[in-house]
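> Quick one: sequence and predicted model below, then my questions.
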Amino acid sequence: MYNNMNNNIKNHRPVYLNLLKIRLPLPGMVSLAHRVSGVGLFVSLPFIVYLLDLSVSSQNGFQQVQRILHQPVVVILEILILWAFAHHFFAGIRFLLIDADIGVEKTDSRTGAWLVIGAEVITVLAIVLYGVL
Amino acid sequence: MSLYVLEGLRPWVIQRVSAVYMLLFTLYVAWCLLGADTTVSYASWKGWLFAPFNTTAVGLFVIAVLFHAWIGIRDVVLDYVHNIMLRIFILGMLIGILLGSGLWVFRLLLLSVVA
(Lines give C-alpha, C1' and ligand atoms only; values in the text may rest on other atoms or scores of the structure.)
Protein backbone atom coordinates (compact mmCIF):
# COMPACT_ATOMS: atom_id res chain seq x y z
CA MET A 1 0.00 0.00 0.00
CA TYR A 2 2.70 2.42 1.07
CA ASN A 3 4.83 1.37 -1.85
CA ASN A 4 1.92 1.86 -4.24
CA MET A 5 1.27 5.38 -2.96
CA ASN A 6 4.89 6.22 -3.28
CA ASN A 7 4.88 5.07 -6.89
CA ASN A 8 1.77 7.10 -7.54
CA ILE A 9 3.41 10.28 -6.31
CA LYS A 10 6.47 9.52 -8.31
CA ASN A 11 4.43 8.97 -11.47
CA HIS A 12 2.73 12.33 -11.22
CA ARG A 13 5.92 14.26 -10.75
CA PRO A 14 6.85 16.28 -13.81
CA VAL A 15 10.15 15.14 -15.23
CA TYR A 16 10.63 18.38 -17.10
CA LEU A 17 9.22 21.89 -16.77
CA ASN A 18 6.23 22.22 -19.06
CA LEU A 19 5.85 25.99 -19.23
CA LEU A 20 2.32 25.65 -20.63
CA LYS A 21 1.20 23.81 -17.48
CA ILE A 22 2.48 26.46 -15.08
CA ARG A 23 -0.26 28.94 -14.28
CA LEU A 24 1.53 32.17 -13.58
CA PRO A 25 -0.09 34.45 -10.96
CA LEU A 26 -1.20 37.86 -12.24
CA PRO A 27 1.86 39.80 -10.99
CA GLY A 28 3.97 37.17 -12.77
CA MET A 29 2.03 37.73 -16.00
CA VAL A 30 2.59 41.49 -15.75
CA SER A 31 6.29 40.88 -15.18
CA LEU A 32 6.55 38.56 -18.18
CA ALA A 33 4.57 40.99 -20.34
CA HIS A 34 6.97 43.76 -19.29
CA ARG A 35 9.79 41.73 -20.80
CA VAL A 36 7.86 40.79 -23.95
CA SER A 37 6.71 44.39 -24.52
CA GLY A 38 10.30 45.59 -23.99
CA VAL A 39 11.57 43.25 -26.70
CA GLY A 40 8.73 44.37 -28.98
CA LEU A 41 9.63 48.04 -28.47
CA PHE A 42 13.27 47.22 -29.20
CA VAL A 43 12.28 45.60 -32.51
CA SER A 44 10.12 48.59 -33.48
CA LEU A 45 12.93 51.08 -32.76
CA PRO A 46 14.71 51.13 -36.18
CA PHE A 47 11.37 51.47 -38.00
CA ILE A 48 10.32 54.40 -35.82
CA VAL A 49 13.69 56.08 -36.43
CA TYR A 50 13.28 55.57 -40.18
CA LEU A 51 9.81 57.18 -40.11
CA LEU A 52 11.10 60.02 -37.92
CA ASP A 53 13.89 60.76 -40.42
CA LEU A 54 11.49 60.57 -43.37
CA SER A 55 8.99 62.87 -41.63
CA VAL A 56 11.51 65.72 -41.31
CA SER A 57 13.34 65.15 -44.62
CA SER A 58 10.89 67.10 -46.81
CA GLN A 59 7.23 68.04 -47.29
CA ASN A 60 6.95 65.02 -49.57
CA GLY A 61 8.53 62.74 -46.98
CA PHE A 62 6.15 64.03 -44.31
CA GLN A 63 3.14 63.18 -46.48
CA GLN A 64 4.66 59.80 -47.26
CA VAL A 65 4.87 59.07 -43.52
CA GLN A 66 1.22 60.09 -43.13
CA ARG A 67 0.25 57.69 -45.92
CA ILE A 68 2.30 54.85 -44.40
CA LEU A 69 0.76 55.42 -40.96
CA HIS A 70 -2.76 55.18 -42.40
CA GLN A 71 -2.30 51.79 -44.06
CA PRO A 72 -4.47 49.16 -42.30
CA VAL A 73 -1.60 46.74 -41.58
CA VAL A 74 0.53 49.57 -40.21
CA VAL A 75 -2.37 50.80 -38.05
CA ILE A 76 -2.52 47.34 -36.43
CA LEU A 77 1.24 47.51 -35.79
CA GLU A 78 0.83 51.03 -34.36
CA ILE A 79 -1.83 49.79 -31.94
CA LEU A 80 0.45 46.89 -30.92
CA ILE A 81 3.39 49.26 -30.36
CA LEU A 82 1.13 51.65 -28.45
CA TRP A 83 -0.09 48.76 -26.32
CA ALA A 84 3.48 47.54 -25.71
CA PHE A 85 4.52 51.07 -24.75
CA ALA A 86 1.53 51.55 -22.44
CA HIS A 87 2.19 48.24 -20.72
CA HIS A 88 5.92 48.86 -20.38
CA PHE A 89 5.18 52.39 -19.10
CA PHE A 90 2.69 51.43 -16.38
CA ALA A 91 4.35 48.15 -15.38
CA GLY A 92 7.63 50.09 -15.19
CA ILE A 93 6.08 52.60 -12.80
CA ARG A 94 4.86 49.67 -10.71
CA PHE A 95 8.38 48.21 -10.56
CA LEU A 96 9.80 51.61 -9.55
CA LEU A 97 7.21 51.77 -6.75
CA ILE A 98 8.12 48.22 -5.69
CA ASP A 99 11.77 49.37 -5.51
CA ALA A 100 10.52 52.09 -3.17
CA ASP A 101 8.84 49.36 -1.07
CA ILE A 102 5.33 50.28 -2.23
CA GLY A 103 3.02 47.44 -3.29
CA VAL A 104 5.28 44.57 -2.30
CA GLU A 105 2.89 42.49 -0.15
CA LYS A 106 0.88 39.78 -1.91
CA THR A 107 -2.49 41.55 -1.93
CA ASP A 108 -0.94 44.95 -2.77
CA SER A 109 1.08 43.31 -5.52
CA ARG A 110 -2.11 41.88 -7.07
CA THR A 111 -3.86 45.25 -6.77
CA GLY A 112 -0.88 46.90 -8.44
CA ALA A 113 -0.93 44.37 -11.29
CA TRP A 114 -4.66 45.02 -11.83
CA LEU A 115 -4.07 48.78 -11.80
CA VAL A 116 -1.37 48.35 -14.47
CA ILE A 117 -3.76 46.37 -16.70
CA GLY A 118 -6.59 48.87 -16.12
CA ALA A 119 -4.37 51.87 -16.87
CA GLU A 120 -2.93 50.38 -20.05
CA VAL A 121 -6.33 49.30 -21.40
CA ILE A 122 -7.82 52.74 -20.71
CA THR A 123 -4.83 54.51 -22.28
CA VAL A 124 -4.83 52.38 -25.44
CA LEU A 125 -8.61 52.63 -25.88
CA ALA A 126 -8.59 56.39 -25.23
CA ILE A 127 -5.87 57.06 -27.80
CA VAL A 128 -7.33 54.70 -30.43
CA LEU A 129 -10.89 55.97 -29.98
CA TYR A 130 -9.78 59.60 -29.78
CA GLY A 131 -8.51 59.06 -33.30
CA VAL A 132 -4.90 60.07 -32.91
CA LEU A 133 -3.91 57.02 -34.92
CA MET B 1 32.20 38.60 -17.19
CA SER B 2 33.83 42.00 -17.70
CA LEU B 3 32.80 41.43 -21.31
CA TYR B 4 29.44 43.02 -20.55
CA VAL B 5 30.95 46.34 -19.43
CA LEU B 6 28.05 47.32 -17.21
CA GLU B 7 28.11 45.21 -14.09
CA GLY B 8 26.70 45.06 -10.59
CA LEU B 9 24.61 47.90 -9.22
CA ARG B 10 25.41 50.36 -12.01
CA PRO B 11 23.07 48.95 -14.73
CA TRP B 12 20.33 48.68 -12.08
CA VAL B 13 20.71 52.40 -11.32
CA ILE B 14 21.01 53.42 -14.99
CA GLN B 15 17.88 51.40 -15.83
CA ARG B 16 15.88 53.31 -13.22
CA VAL B 17 17.29 56.79 -13.82
CA SER B 18 16.67 56.44 -17.59
CA ALA B 19 13.17 55.09 -16.84
CA VAL B 20 12.31 58.16 -14.77
CA TYR B 21 13.60 60.51 -17.50
CA MET B 22 11.58 58.67 -20.19
CA LEU B 23 8.53 58.80 -17.91
CA LEU B 24 8.83 62.60 -17.60
CA PHE B 25 9.53 62.95 -21.33
CA THR B 26 6.43 60.87 -22.18
CA LEU B 27 4.27 63.09 -19.95
CA TYR B 28 5.75 66.20 -21.63
CA VAL B 29 5.01 64.82 -25.13
CA ALA B 30 1.48 63.84 -24.07
CA TRP B 31 0.97 67.36 -22.72
CA CYS B 32 2.20 68.84 -26.03
CA LEU B 33 -0.10 66.51 -28.00
CA LEU B 34 -3.13 67.51 -25.94
CA GLY B 35 -2.41 71.15 -26.73
CA ALA B 36 -1.71 70.53 -30.44
CA ASP B 37 -4.08 71.01 -33.37
CA THR B 38 -5.80 67.87 -34.62
CA THR B 39 -4.08 68.18 -38.01
CA VAL B 40 -0.32 68.38 -37.75
CA SER B 41 1.42 70.03 -40.70
CA TYR B 42 4.99 69.53 -41.90
CA ALA B 43 5.88 73.03 -40.71
CA SER B 44 4.34 72.66 -37.24
CA TRP B 45 5.91 69.21 -36.79
CA LYS B 46 9.38 70.50 -37.68
CA GLY B 47 8.74 73.59 -35.59
CA TRP B 48 8.04 71.42 -32.57
CA LEU B 49 10.94 68.98 -33.04
CA PHE B 50 13.53 71.64 -33.86
CA ALA B 51 12.65 74.05 -31.08
CA PRO B 52 15.89 74.07 -29.02
CA PHE B 53 14.21 72.81 -25.84
CA ASN B 54 12.50 69.92 -27.66
CA THR B 55 15.60 68.97 -29.66
CA THR B 56 17.53 68.77 -26.40
CA ALA B 57 14.75 66.81 -24.67
CA VAL B 58 14.56 64.34 -27.60
CA GLY B 59 18.37 64.02 -27.65
CA LEU B 60 18.42 63.13 -23.95
CA PHE B 61 15.51 60.76 -24.57
CA VAL B 62 17.55 58.96 -27.25
CA ILE B 63 20.48 58.56 -24.82
CA ALA B 64 18.08 57.24 -22.16
CA VAL B 65 16.53 54.79 -24.66
CA LEU B 66 19.95 53.52 -25.77
CA PHE B 67 21.07 52.73 -22.22
CA HIS B 68 17.67 51.38 -21.16
CA ALA B 69 17.20 49.20 -24.24
CA TRP B 70 20.77 47.91 -24.08
CA ILE B 71 20.54 46.84 -20.42
CA GLY B 72 17.07 45.38 -20.97
CA ILE B 73 17.86 43.36 -24.10
CA ARG B 74 21.24 42.29 -22.70
CA ASP B 75 19.52 40.78 -19.65
CA VAL B 76 17.07 38.94 -21.92
CA VAL B 77 19.90 37.53 -24.08
CA LEU B 78 21.94 36.51 -21.02
CA ASP B 79 18.87 34.69 -19.64
CA TYR B 80 18.07 32.67 -22.76
CA VAL B 81 21.28 32.33 -24.80
CA HIS B 82 23.91 30.25 -23.05
CA ASN B 83 26.38 29.57 -25.86
CA ILE B 84 29.13 32.15 -25.39
CA MET B 85 29.92 32.69 -29.07
CA LEU B 86 26.25 32.98 -29.99
CA ARG B 87 25.84 35.45 -27.12
CA ILE B 88 28.65 37.65 -28.36
CA PHE B 89 27.27 37.50 -31.90
CA ILE B 90 23.70 38.41 -30.89
CA LEU B 91 24.80 41.12 -28.45
CA GLY B 92 27.06 42.59 -31.14
CA MET B 93 24.20 42.68 -33.65
CA LEU B 94 21.87 44.28 -31.09
CA ILE B 95 24.31 46.98 -30.01
CA GLY B 96 24.89 47.71 -33.71
CA ILE B 97 21.15 48.19 -34.23
CA LEU B 98 20.93 50.41 -31.15
CA LEU B 99 23.95 52.60 -31.94
CA GLY B 100 22.91 52.85 -35.59
CA SER B 101 19.40 53.97 -34.64
CA GLY B 102 20.72 56.41 -32.04
CA LEU B 103 23.28 58.01 -34.34
CA TRP B 104 20.61 58.28 -37.04
CA VAL B 105 18.39 60.34 -34.74
CA PHE B 106 21.34 62.52 -33.66
CA ARG B 107 22.16 63.11 -37.31
CA LEU B 108 18.68 64.38 -38.12
CA LEU B 109 18.52 66.44 -34.93
CA LEU B 110 21.90 68.07 -35.64
CA LEU B 111 21.18 68.66 -39.33
CA SER B 112 18.41 70.99 -38.20
CA VAL B 113 21.04 73.08 -36.40
CA VAL B 114 23.32 73.18 -39.47
CA ALA B 115 20.60 73.86 -42.03
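Looks like it arrived, so ask away.

> C-alpha from now on. contacts and neighbour counts both.
Fine.

> What residues does chain A have near chain B?
Neighbours of chain B within chain A, by C-alpha under 8 Å from any C-alpha of the partner chain: A:35, A:38-39, A:42, A:45-46, A:49, A:52-53, A:55-56, A:59, A:62, A:89, A:92, A:96.

> What's the first helix or strand after the lowest-mean-pLDDT helix or strand in chain A?
Of all helical and strand segments in chain A, the minimum by mean pLDDT, DSSP states H and E falls on helix A:2-12, at a mean of 56. Per DSSP states H and E, the first helix or strand lying C-terminal to helix A:2-12 is helix A:26-57.

> Report the contact partners of the residue nearest to the spatial centre of chain B.
Nearest to the geometric centre of chain B sits B:V65, at 2.2 Å (C-alpha atoms, centre = their mean). Neighbour list for B:V65: B:18, B:22 [criterion: C-alpha atoms under 8 Å, 6 or more residues apart in numbering or on different chains].

> hmm, try it at 10 Å
B:V65 makes contacts with A:42, A:45, B:15, B:18-19, B:21-22, B:59, B:71, B:98, B:102, as judged by C-alpha atoms under 10 Å, 6 or more residues apart in numbering or on different chains.

> Pick out whichever of those residues sits closest to A:I76.
Closest approach between the contacts of B:V65 and A:I76, by C-alpha to C-alpha: A:L45, at 16.3 Å.

> Nearest residue to that closest one in space, ignoring adjacent ones along the chain?
With sequence-adjacent residues excluded and distances taken as C-alpha to C-alpha, 6 or more residues apart in numbering or on different chains, A:L45 is closest to B:S101, at 7.3 Å.

> Please report how far the residue located most distally from the centre of chain B lies from chain A.
Distance from the centre of chain B peaks at B:N83, with 27.9 Å (C-alpha atoms, centre = their mean). Going from B:N83 to chain A by C-alpha to the nearest C-alpha, to the nearest Å gives 20 Å.

> any idea how far that residue is from B:R74?
For B:N83, the distance to B:R74 equals 14 Å [C-alpha to C-alpha, to the nearest Å].

> which other residues reach stretch B:21-28?
Under the contact criterion C-alpha under 10 Å, 6+ apart, stretch B:21-28 has outside partners A:89-90, A:92-93, B:16-20, B:30-34, B:54, B:57-58, B:60-62, B:64-65, B:68.

> which of those count as buried?
A:89-90, A:92-93, B:16, B:18-20, B:54, B:57-58, B:60-62, B:64-65, B:68 (16 or more other C-alpha atoms under 10 Å in any protein chain shown).

> Contact partners for residue 50?
If you meant another chain, say so; for now it's chain A. So A:Y50 contacts A:65, B:101, B:104-105 (C-alpha under 10 Å, 6+ apart).

> nope, chain B
A:56, B:44, B:56, B:58, B:108-113.

> Check A:Q59 too.
A:Q59 neighbours (C-alpha under 10 Å, 6+ apart): B:41-43.

> Which residue ranges of chain B form helices?
B:9-35, B:42-49, B:52-80, B:84-114 (DSSP state H).

> Of all those helices, which one is nearest A:R23?
Counting by C-alpha to C-alpha, A:R23 lies closest to helix B:52-80 out of those; the figure is 20.5 Å.

> and that closest one with helix A:26-57, angle?
Calculated by axes from the mean of the first three to the mean of the last three C-alpha atoms, to 10 degrees, helix B:52-80 forms an angle of 140 degrees with helix A:26-57.
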